[in-house]
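K.L.:
Predicted model, plus sequence, below.
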Amino acid sequence: GAGVSQSPSNKVTEKGKDVELRCDPISGHTALYWYRQRLGQGLEFLIYFQGNSAPDKSGLPSDRFSAERTGESVSTLTIQRTQQEDSAVYLCASSLALIGNTIYFGEGSWLTVV
Amino acid sequence: GQNIDQPTEMTATEGAIVQINCTYQTSGFNGLFWYQQHAGEAPTFLSYNVLDGLEEKGRFSSFLSRSKGYSYLLLKELQMKDSASYLCAVSTSGTYKYIFGTGTRLKVLA
């Protein structure tokens, strides 16, 4: 696609429910990233996918968080048993796997846990 | 550990010049990026430095000193639309992971 596409744009969920966030990267971009940004805060790295390599999951805050990616396309970030502290915008980004290449962000999925 | 530091907030006047600093300590270095993020929107790319020196792009310039682990973003002829957060990010070596600072919120006053 023309840009990184994320869905849903907004999600309100009850505490304890599971949510799935979807990211469709720019076509041809082999690298895909998930970041979390709490209100007024910076970007917190969650997970990184590069081609068929094992993902770098070092930023996932707990085992309630998981992500998958199908080949070099769509990725889903799943949060199980959501907590209020999970409320944030979840940003997906993609890039070509070249050193110094710009990463392009989607508009984000705004998650509110009530 | 990996650390990127930026001032939390800055205020400047329309038409003025402002310099936003960023210092970093990372395991390796493949380049430093600056992104602009307006409230409620996704970050957008502004500049990239991998070698020491100044990169100029219109009203925006970015400087890098690798030996000092230091960069700055210079914004000239400030406009009201420049009010945004400015994020410094480092690409670390051995991986394509980008580490972001917490961002500097810039307010431009009339």
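P.N.:
Cool, the structure landed.

K.L.:
Only C-alpha atoms from now on, for both contacts and neighbour counts.
P.N.:
OK.

K.L.:
mind checking which helix or strand the residue nearest to residue B:12 when sequence neighbours are not counted is in?
P.N.:
Residue nearest to residue B:12 in three dimensions, not counting chain neighbours: residue B:108, with 5.0 Å by Cα to Cα, 6 or more residues apart in numbering or on different chains. In the assignment (DSSP states H and E), residue B:108 maps to strand B:104-109.

K.L.:
Is whatever residue of chain A ends up closest to chain B in a helix, a strand, or coil?
P.N.:
Going by Cα to the nearest Cα, chain B is nearest to residue A:42 of chain A, at 3.7 Å. Applying DSSP: H, G, I helix; E, B strand; the rest coil to residue A:42 yields a three-state assignment of coil.

K.L.:
Any idea how many residues pack against it?
P.N.:
19 (other Cα atoms under 10 Å in any protein chain shown).

K.L.:
Not counting sequence-adjacent ones, nearest residue to it?
P.N.:
residue B:102 (3.7 Å).

K.L.:
SS state for that neighbour?
P.N.:
coil.

K.L.:
Spit out the contact partners of it.
P.N.:
A:41, A:42, A:43, B:4, B:5, B:6, B:8, B:87, B:88 (Cα atoms under 8 Å, 6 or more residues apart in numbering or on different chains).

K.L.:
ditto for residue A:47
P.N.:
Counting by Cα under 8 Å, 6+ apart, residue A:47 has contacts A:33, A:34, A:35, A:55, A:56, A:57, A:58, A:59, A:60, A:67.

K.L.:
I'd like the C-alpha coordinates of the helix or strand it falls within written as PDB, please.
P.N.:
In the assignment (DSSP H and E), residue A:47 maps to strand A:44-50. C-alpha atoms of strand A:44-50 as PDB (Å, rounded to 0.1, in the frame of the first residue of the first chain):
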ATOM      1  CA  GLU A  44       8.600   2.600  23.800                       C
ATOM      2  CA  PHE A  45      10.000  -0.200  21.600                       C
ATOM      3  CA  LEU A  46       8.000  -3.400  21.800                       C
ATOM      4  CA  ILE A  47       9.000  -5.800  19.000                       C
ATOM      5  CA  TYR A  48      10.800  -5.800  15.700                       C
ATOM      6  CA  PHE A  49      10.400  -8.200  12.700                       C
ATOM      7  CA  GLN A  50      12.900  -8.600   9.900                       C
END
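
K.L.:
what about that strand, average pLDDT?
P.N.:
Across strand A:44-50, pLDDT averages out at 92.

K.L.:
swap in stretch A:87-102?
P.N.:
87.

K.L.:
For that stretch, which residues meet the burial criterion?
P.N.:
Judged by neighbour count (16 or more other Cα atoms under 10 Å in any protein chain shown), stretch A:87-102 contains these buried residues: A:87-97, A:100-102.

K.L.:
when you check chain B, which of these turn up near it?
P.N.:
A:91, A:97, A:100, A:102 (Cα under 8 Å from any Cα of the partner chain).

K.L.:
mind putting those residues in TSV, secondary structure and distance to residue A:22 included?
P.N.:
Listed next are those as TSV, based on DSSP: H, G, I helix; E, B strand; the rest coil; distance: Cα to Cα, whole Å:
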residue	secondary structure	distance to residue A:22
A:91	strand	10
A:97	coil	21
A:100	coil	26
A:102	coil	21
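
K.L.:
Show me the two of these that sit farthest apart.
P.N.:
Using Cα to Cα, the two most remote members of those are A:91 and A:100, lying 19.8 Å apart.
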